[in-house]
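Chemist: With the input below, show me the fold.
(2 chains)
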Number of protein chains: 2
Amino acid sequence: MALVEIGNLIKNSDNFAIVSHTSPDGDSIGSMLGLFSALKEIGKSADMFIDDPLPEKYSFLPGYKEVKNIDDAKDSYSCLIALDCGDLDRLGTCKRLISKADIIINIDHHVSNSLFGTVNIVDDAASSVGEILYQLFKINDLVVSKDTSLCLYTSLLTDTGGFKYSNTTSVTLSIAGDLINTGIDFSEVYNQVFDVKSINQVKLMSRVTSTLETHFSGKIAILILSRDMLDDCNAREDDASDFINIARDIAGVEVAFFVKEVDSTKCRVSLRSRQFVDVRKIAEIFGGGGHIRASGCTISGSVQEVKDIIINELKKVIGVGC
Amino acid sequence: MALVEIGNLIKNSDNFAIVSHTSPDGDSIGSMLGLFSALKEIGKSADMFIDDPLPEKYSFLPGYKEVKNIDDAKDSYSCLIALDCGDLDRLGTCKRLISKADIIINIDHHVSNSLFGTVNIVDDAASSVGEILYQLFKINDLVVSKDTSLCLYTSLLTDTGGFKYSNTTSVTLSIAGDLINTGIDFSEVYNQVFDVKSINQVKLMSRVTSTLETHFSGKIAILILSRDMLDDCNAREDDASDFINIARDIAGVEVAFFVKEVDSTKCRVSLRSRQFVDVRKIAEIFGGGGHIRASGCTISGSVQEVKDIIINELKKVIGVGC
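Modeler: Numbering: from 1, shown residues only, chains lettered A, B, ... in the order given. Here you go, the predicted model:
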């Protein structure tokens, strides 16, 4: 269905439910709050639901506190709009709102989308759902206010990793330009979303990077995360989720791996490579998987044993073509 | 002079010298190599000069190795193009090429430019010289090849801090969109320019962040750099230049300061604030200066003494309005 027809559906409805996926990210939250803001501009009533707490770092976005608990949903909605959801299971408990709505509008950018809506806009060329919403708003002459822009900009920025990932297109950048022209403090958005860390994360980064080892003339870099470090820093394993990139981005490194102690009997391993080594093959040896440049697996043994096991596997491939 | 007239000047010249400022950065290098690439496309002869070594991290750019030593300059040039230079002194020893050229074209985006050229394009609304060059090339129907695009994109990206700084405009983003449409690997540019670190830098970051202290309920964050750390990590003080941001970007921090030991008798201090505290005033107490949100000074005393001196000054302002 054309964006103008979807626009007419929206203009002719009231009493909206807006839902998005569990484990919400910048695109699901930004697009939800951006749509909420745009609907308010034209006097519509809307409730927002996500079946998981919203990360604190998005609390600067207008409407952040208005996302409701599923138990506070009304008995019926004239129109439910699902954002950034490949299928209904991604909604978690919000899935049960589907049967309460007369029309389901499904807006997504995942090619695998199951097309569960009454009408579906699935554009896998779009960097983010925020990008699709902007086009929907413009073609239908809906106001894109400063508040709406702040939310949509957050969508674009986060799903492109700061306009860095290959899903960034000239359309994405052109829309980002329109959004910043509303006068939003886009530098502050970047800072809130990417730069701000908890003190525990910084402490954990210091501890984890202190374990840095390199092998094979600096081609392999290794980091370790023990349970003790998590306890000492009062941190969670997901506070360390980006640290593997610190090792991968050291000049001259081809493969980085990160050994995370699960308990005294086993470790999770994340692997990254830059140009040559297929790290999926290494993860697959241990029942794991992933991609050529990013993979993971779980291996029995202590941190030291698991580290040696991986070094041993890398010995077979490093030096061959790199 | 209009960009079309500058274009005609370029088309009617041959035998170019391209120069830029000392301590070259992404914009000076990217714009220089981008202009060199564009001139080659139309069959012009050009020599490039910068009076300082080019940072290794830009070595992925086409033409990087063709930047010459000033001693290899010809006796005369029909046209010298100066890029990103506010005044002639910024050229270092390359200044002496000025007298060897028939025409000086001065292209810059600093409002303070001394207009030293025969003709001058000074556009302080442009994020970068790369942005001005792109407009110059397009209006004059000069080819913007993939090589040229890679260089100009690097200019835009670096001078805007990854499209994060407030000098980013919708024009910047629109041009960035045109440049990525040539098929350049812009993700790799980002990675090379912003993410790649030396192993010594990572080791130093680990050591410096291990000194993290917070005071006044987490409103003040402090980092220390001792001479021993530099020696142990085989690193230089400028390897630590960004670390102050790690402290500033901790959630809840209002003021971060970084005490860098110069020798046993004195320390350099960098200060940053987020919203309220005027850190220039604090730096000025000790004969330093800077801006409201970023300042610096040098103070006599050991690391511990200097740290206490700054904490004592902050005690007077913290809690007042923040």
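Chemist: helices and strands around the lowest-mean-pLDDT helix or strand in chain A, which ones?
Modeler: Within chain A, no helix or strand scores below strand A:289-290, which has a mean of 93 by mean pLDDT, DSSP states H and E. Under the contact definition 3 or more CB pairs under 8 Å, 6 or more residues apart in numbering or on different chains; DSSP states H and E, strand A:289-290 sits against helix A:279-285, strand A:294-300. For the C-beta atoms, the positions are set from N, CA and C on the backbone; glycine is no exception.
Chemist: What strands flank it, and is each parallel or antiparallel?
Modeler: Next to strand A:289-290 in the sheet, as set by DSSP bridges, lie strand A:294-300 (antiparallel).
Chemist: From the chain's centre, how far out is the strand it pairs with? Work that out for me.
Modeler: Distance of strand A:294-300 from the chain centroid (CA atoms, centre = their mean, to the nearest Å) equals 21 Å.
Chemist: which parts of whichever helix or strand comes after that strand are buried?
Modeler: Using DSSP states H and E, the helix or strand that follows strand A:294-300 in sequence is helix A:303-317. By neighbour count on 16 or more other CB atoms under 10 Å in any protein chain shown, the buried set for helix A:303-317 is A:303, A:306-307, A:309-311, A:313-314, A:317.
Chemist: and if you look at stretch A:226-244?
Modeler: A:226, A:229-230, A:233, A:235, A:239-240, A:243-244.
Chemist: And stretch A:246-258, by the same measure?
Modeler: Quick answer for stretch A:246-258 (16+ other CB under 10 Å): A:246-250, A:253-258.
Chemist: first to last residue in it, what's the distance?
Modeler: 10 Å (CA to CA, to the nearest Å).
Chemist: does any part of that stretch sit near chain B?
Modeler: Yes - against chain B, stretch A:246-258 shows contacts by CB under 8 Å from any CB of the partner chain at A:246-247, A:249-252.
Chemist: Contacts for that stretch, please.
Modeler: Taking contacts as CB atoms under 8 Å, 6 or more residues apart in numbering or on different chains, the residues outside stretch A:246-258 that touch it are A:205, A:209, A:212, A:214, A:217-225, A:240, A:243-244, A:269-277, A:279, A:310, A:314, A:318, A:322, B:191, B:195-199, B:202.
Chemist: List the ones among the buried residues of stretch A:246-258 that fall in helices.
Modeler: Counted as lying in helices by DSSP state H, out of the buried residues of stretch A:246-258, are A:246-248.
Chemist: Need those residues in JSON lines (columns: pLDDT).
Modeler: Below are these laid out as JSON lines (pLDDT from 0 to 100):
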{"residue": "A:246", "pLDDT": "97"}
{"residue": "A:247", "pLDDT": "98"}
{"residue": "A:248", "pLDDT": "96"}
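Chemist: Between these, which sits nearest residue A:43?
Modeler: residue A:246 (48.8 Å; CB to CB).
Chemist: From residue A:200, how far off is that closest one?
Modeler: 17 Å (CB to CB, to the nearest Å).
Chemist: One more: residue A:302?
Modeler: 25 Å.
Chemist: Same question for residue A:79.
Modeler: Distance from residue A:79 to residue A:200, by CB to CB: 42 Å.
Chemist: higher neighbour count, these two?
Modeler: residue A:79 (22 against 17; other CB atoms under 10 Å in any protein chain shown).
Chemist: That one and residue A:11 touch, don't they?
Modeler: No - counting by CB atoms under 8 Å, residue A:79 does not reach residue A:11; the two are 10.7 Å apart.
Chemist: Helix, strand or coil: sort out residue A:271 for me.
Modeler: Here residue A:271 is strand, with the state taken from DSSP: H, G, I helix; E, B strand; the rest coil.
Chemist: next one: residue A:102
Modeler: Residue A:102 - assigned by three-state DSSP - is strand.
Chemist: returning to that earlier point: of the buried residues of stretch A:246-258, closest to residue B:17?
Modeler: Of these, the one sitting nearest to residue B:17 (CB to CB) turns out to be residue A:249, at 36.1 Å.
Chemist: and the closest one, what pLDDT?
Modeler: Looking at residue A:249, its pLDDT stands at 95.
Chemist: what's the distance between it and residue B:188?
Modeler: Relative to residue B:188, residue A:249 is positioned 12 Å away (CB to CB).
Chemist: tell me the contacts of the nearest residue to residue A:125 once chain neighbours are set aside?
Modeler: Spatial nearest neighbour of residue A:125, excluding adjacent residues (CB to CB, 6 or more residues apart in numbering or on different chains): residue A:169 at 7.1 Å. Listed by CB under 8 Å, 6+ apart, the contact set of residue A:169 reads A:125, A:127, B:177, B:180.
Chemist: Weed out the non-buried ones from those residues.
Modeler: Here, 16+ other CB under 10 Å leaves A:127, B:177, B:180 buried among those.
Chemist: I'd like the residues you listed written out as TSV, with distance to residue A:57 added.
Modeler: Output for the buried ones among the contacts of residue A:169, formatted as TSV (distance: CB to CB, whole Å):
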residue	distance to residue A:57
A:127	20
B:177	27
B:180	28
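Chemist: Let me have those in CSV, extended by distance to residue B:23 and pLDDT.
Modeler: Shown next, in CSV, are these (distance: CB to CB, whole Å; pLDDT from 0 to 100):
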residue, distance to residue B:23, pLDDT
A:127, 35, 97
B:177, 30, 98
B:180, 28, 98
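Chemist: Of those residues, which is the nearest to residue A:173?
Modeler: Using CB to CB, those come closest to residue A:173 at residue B:177, 3.9 Å.
Chemist: measure the closest one to residue A:170 for me?
Modeler: Distance from residue B:177 to residue A:170, by CB to CB: 3 Å.
Chemist: what's the answer for residue A:243, then?
Modeler: 33 Å.
Chemist: re earlier: among the buried residues of stretch A:226-244, which pair sits farthest apart?
Modeler: Every pair of these checked by CB to CB; the farthest is A:233 and A:244, at 17.3 Å.
Chemist: Name the nearest residue to residue A:66, sequence neighbours excluded.
Modeler: With sequence-adjacent residues excluded and distances taken as CB to CB, 6+ apart, residue A:66 is closest to residue A:48, at 6.3 Å.
Chemist: One more: residue A:226?
Modeler: residue A:261 (4.8 Å).
Chemist: pLDDT of the helix or strand harbouring that neighbour, averaged?
Modeler: Element membership for residue A:261, per DSSP H and E: strand A:255-263. Throughout strand A:255-263, pLDDT has a mean value of 97.
Chemist: What is the neighbour count of residue A:208?
Modeler: Neighbours of residue A:208 (other CB under 10 Å): 26.
Chemist: contacting residues for it?
Modeler: A:223-225, A:229, A:240, A:243.
Chemist: now do 10 Å
Modeler: A:223-226, A:229-230, A:233, A:235, A:239-240, A:243-244, A:246-247, A:258, A:260, B:206 (CB atoms under 10 Å, 6 or more residues apart in numbering or on different chains).
Chemist: How much space separates it from residue A:233?
Modeler: 9 Å.
Chemist: Looks to me like residue A:6 is in a helix.
Modeler: Yes - assigned with three-state DSSP, residue A:6 falls within a helix.
Chemist: contacting residues around it?
Modeler: A:81, A:105, A:107, A:119-121, A:136, A:139-140.
Chemist: Return the closest of the residues you listed with respect to chain B.
Modeler: Among the contacts of residue A:6, residue A:139 lies closest to chain B (CB to the nearest CB), at 19.1 Å.
Chemist: Thank you kindly, that will do.
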